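Engineer: Following is a predicted model, sequence given first.
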There are 2 protein chains.
Amino acid sequence: MTSISIIGTGKMGSAIAEVAARAGADIQIIRRRAGAGSSLERGDAEYGLVGDQLTGELVVLAVPYEAYPSVLGHYRDRLDGKIVIDISNPIDFTTYDELLVPADSSTAVELSQALPAGARVVKAFNVNLGDTLSTGTNGTTTTTVLFAGDDPAAKIAVADLIEAAGLRAVDAGPLSRARELEAMGFLQIVLAAIGKTRYESGFALLQ
Amino acid sequence: MTSISIIGTGKMGSAIAEVAARAGADIQIIRRRAGAGSSLERGDAEYGLVGDQLTGELVVLAVPYEAYPSVLGHYRDRLDGKIVIDISNPIDFTTYDELLVPADSSTAVELSQALPAGARVVKAFNVNLGDTLSTGTNGTTTTTVLFAGDDPAAKIAVADLIEAAGLRAVDAGPLSRARELEAMGFLQIVLAAIGKTRYESGFALLQ
């Protein structure tokens, strides 16, 4: 199977580590600070600190969107050639009323433009509340992971990881479609915050 | 129960007429042309032609977004005081790749700005593929209808209609949230077009 570096040790980083483990991937977890992320201690992962070499073919930015500049400060050039998975929902959490990216763009497109040309960005996992990834189910359905990107090989690698973990991977189209994925992720988080859905469920794509 | 005028006799107009009938509403169906819409013949509805007086407290624009100017040409001033339900997904169907409204807006907001101040626009039903409205179910779940708007009384009237029909009504927030609802409706139609979901199902909001 593939190898994956996960930058960040929060709820989503932890959930994606669980997905990667079920897929049989080699896992590297990059902590932002020494001692941080003690809640994410896995015997099946290697650990590093921000600035360390990334060993994964896939790299997941599992940090808040506001922390992207800091991560890019360390890794921008080293992401050349990598498959970079953007899971972010750039919500303004002070208002829960808008996104922090231009309306005609997305974090995924902004990230792609900020990275070297050889970095292949795939938007994925942002419409999944973390618990649906850890458990693999959403209600009575298998969790669906929507993804979007412009590089076919990168998309296949991400879909393979998702499917190998027992989840359903659905290609939503080109990277520009991240705009719609982020709108949907925003809506889902708002609805969860006001109790219209649970953090263990959310939107499902039925077949 | 309430009264509803449905302008348009296509698949969505037909589905919403079925919802309204289950809710026990008085139904008026406005055909765009004499003789059109023979597939939508209901014994429980009154029929009219575009230009006729609207008898419903609620008015549903069940025409393509491109036809809104024509409808407003007939009804703009007469929608003052009405609850206007915008169900549209303004997709550019020549490309299936973008929406026909400014990225930072929505058809619902554009419509609201084009109408008299007393018209109260509610975005609803645009994330429901028609069959999930006609049957009331989406997979094994009760169909959820997401809606958004700025007028509390108008939103209650729309939610009452939805719930009286046996569906689940979920308030997604202010009318500005129509932007996210339209992004999600766009995504859903794209996914249905490429066979990733069926026109009988689509996105469900699980509890």
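Structural biologist: Arrived safely.
Engineer: Once you drop chain neighbours, what's closest to A:Lys82?
Structural biologist: Spatially, and ignoring its direct neighbours in sequence, A:Lys82 is nearest to A:Val59 (4.8 Å; Cβ to Cβ, 6 or more residues apart in numbering or on different chains). Every C-beta, even on glycine, is put in place using the N, C-alpha and C of the backbone.
Engineer: SS state for that neighbour?
Structural biologist: Here A:Val59 is recorded as strand under DSSP: H, G, I helix; E, B strand; the rest coil.
Engineer: count of residues packed around it?
Structural biologist: 24 (other Cβ atoms under 10 Å in any protein chain shown).
Engineer: for chain A, what are the low-confidence residue spans?
Structural biologist: In the predicted model of chain A, residues A:35-39 satisfy pLDDT under 70.
Engineer: go again using 50 as the cut-off
Structural biologist: Residue ranges of chain A with pLDDT under 50: none are present.
Engineer: returning to that earlier point: I'd say the residue nearest to A:Lys82 and A:Gly81 touch.
Structural biologist: No - when contacts are counted by Cβ atoms under 8 Å, A:Val59 is not listed as touching A:Gly81 (10.2 Å).
Engineer: tell me the contacts of the residue nearest to A:Lys82?
Structural biologist: Contacts of A:Val59 were listed using Cβ atoms under 8 Å, 6 or more residues apart in numbering or on different chains, and they are A:4-7, A:75, A:79, A:82-85.
Engineer: Show me those residues that map onto helices.
Structural biologist: If you go by DSSP state H, the contacts of A:Val59 have A:Tyr75 in helices.
Engineer: wait, which of the contacts of A:Val59 is closest to chain B?
Structural biologist: A:Ile85 (18.9 Å; Cβ to the nearest Cβ).
Engineer: The closest one contacts A:Val122, correct?
Structural biologist: Yes - judged on Cβ under 8 Å, A:Ile85 makes contact with A:Val122 at a distance of 5.4 Å.
Engineer: Now go through the contacts of A:Val59 and say which are in strands.
Structural biologist: A:4-7, A:83-85 (DSSP state E).
Engineer: would you turn those residues into TSV with neighbour count?
Structural biologist: Listed next are those as TSV, based on neighbours: other Cβ atoms under 10 Å in any protein chain shown:
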residue	neighbour count
A:Ile4	28
A:Ser5	26
A:Ile6	29
A:Ile7	24
A:Ile83	25
A:Val84	23
A:Ile85	29
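Engineer: wait, what's in contact with the most centrally placed residue in chain A?
Structural biologist: Taking Cα atoms, centre = their mean, the centroid of chain A lies closest to A:Ile87, which sits 2.8 Å from it. Residues near A:Ile87 by Cβ under 8 Å, 6+ apart: A:12, A:16, A:60-62, A:123-126.
Engineer: Go again with 6 Å.
Structural biologist: A:12, A:125-126 (Cβ atoms under 6 Å, 6 or more residues apart in numbering or on different chains).
Engineer: when you check chain B, which of these turn up near it?
Structural biologist: By Cβ under 6 Å from any Cβ of the partner chain, no member of those lies near chain B.
Engineer: In strands only, show me the residues you listed.
Structural biologist: In strands, judged by DSSP E, none of these are found.
Engineer: now those residues in CSV, with neighbour count?
Structural biologist: Formatted as CSV, these follow (neighbours: other Cβ under 10 Å):
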residue, neighbour count
A:Met12, 24
A:Phe125, 28
A:Asn126, 27
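Engineer: can you list the residues of chain A near chain B?
Structural biologist: Counting by Cβ under 6 Å from any Cβ, chain A sits next to chain B at A:103-104, A:138-139, A:170, A:180, A:183-184, A:186-187, A:196-197, A:201, A:203-206.
Engineer: mind listing which of these are in strands?
Structural biologist: Going by DSSP E, the strands hold A:138, A:170, A:203-206 from the residues of chain A next to chain B.
Engineer: wait, which of these is closest to chain B?
Structural biologist: The closest of those, once distances to chain B are taken by Cβ to the nearest Cβ, is A:Leu206, at 3.9 Å.
Engineer: That closest one contacts B:Thr137, doesn't it?
Structural biologist: No - A:Leu206 lies out of contact with B:Thr137 (Cβ atoms under 6 Å); the separation is 10.1 Å.
Engineer: Surely A:Leu40 touches A:Ala15?
Structural biologist: No - with contacts counted by Cβ under 6 Å, A:Leu40 stays clear of A:Ala15, the gap being 9.9 Å.
Engineer: Can you show me the CA trace of the longest helix seen in chain A as CSV?
Structural biologist: In chain A, with assignment by DSSP H, the single longest helix is helix A:178-193. The C-alpha trace of helix A:178-193 is given here as CSV (Å, rounded to 0.1, in the frame of the first residue of the first chain):
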residue,chain,number,x,y,z
ALA,A,178,-13.6,22.1,-4.2
ARG,A,179,-15.6,25.3,-4.1
GLU,A,180,-18.8,23.3,-3.9
LEU,A,181,-17.2,20.7,-1.5
GLU,A,182,-16.2,23.5,0.8
ALA,A,183,-19.6,25.0,0.7
MET,A,184,-21.1,21.7,1.6
GLY,A,185,-18.6,21.2,4.4
PHE,A,186,-19.4,24.6,5.8
LEU,A,187,-23.1,23.8,5.7
GLN,A,188,-22.6,20.5,7.4
ILE,A,189,-20.6,22.0,10.2
VAL,A,190,-23.1,24.8,10.7
LEU,A,191,-25.9,22.2,10.9
ALA,A,192,-24.0,20.0,13.3
ALA,A,193,-23.2,23.1,15.5
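Engineer: what's the angle between it and strand B:202-206?
Structural biologist: Angle of helix A:178-193 versus strand B:202-206, following axes from the mean of the first three to the mean of the last three Cα atoms, to 10 degrees, is 20 degrees.
Engineer: Please settle this for me: is A:Ala153 part of a helix?
Structural biologist: Yes - checked against three-state DSSP, A:Ala153 lies within a helix.
Engineer: where along chain A do the helices fall?
Structural biologist: Using DSSP H, helices in chain A cover A:11-22, A:68-75, A:107-114, A:130-135, A:152-164, A:178-193.
Engineer: can you redo these as JSON lines with distance to B:Pro116?
Structural biologist: Compiled in JSON lines, these are given as follows (distance: least, Cβ to Cβ, whole Å):
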{"stretch": "helix A:11-22", "distance to B:Pro116": "46"}
{"stretch": "helix A:68-75", "distance to B:Pro116": "44"}
{"stretch": "helix A:107-114", "distance to B:Pro116": "38"}
{"stretch": "helix A:130-135", "distance to B:Pro116": "44"}
{"stretch": "helix A:152-164", "distance to B:Pro116": "48"}
{"stretch": "helix A:178-193", "distance to B:Pro116": "29"}
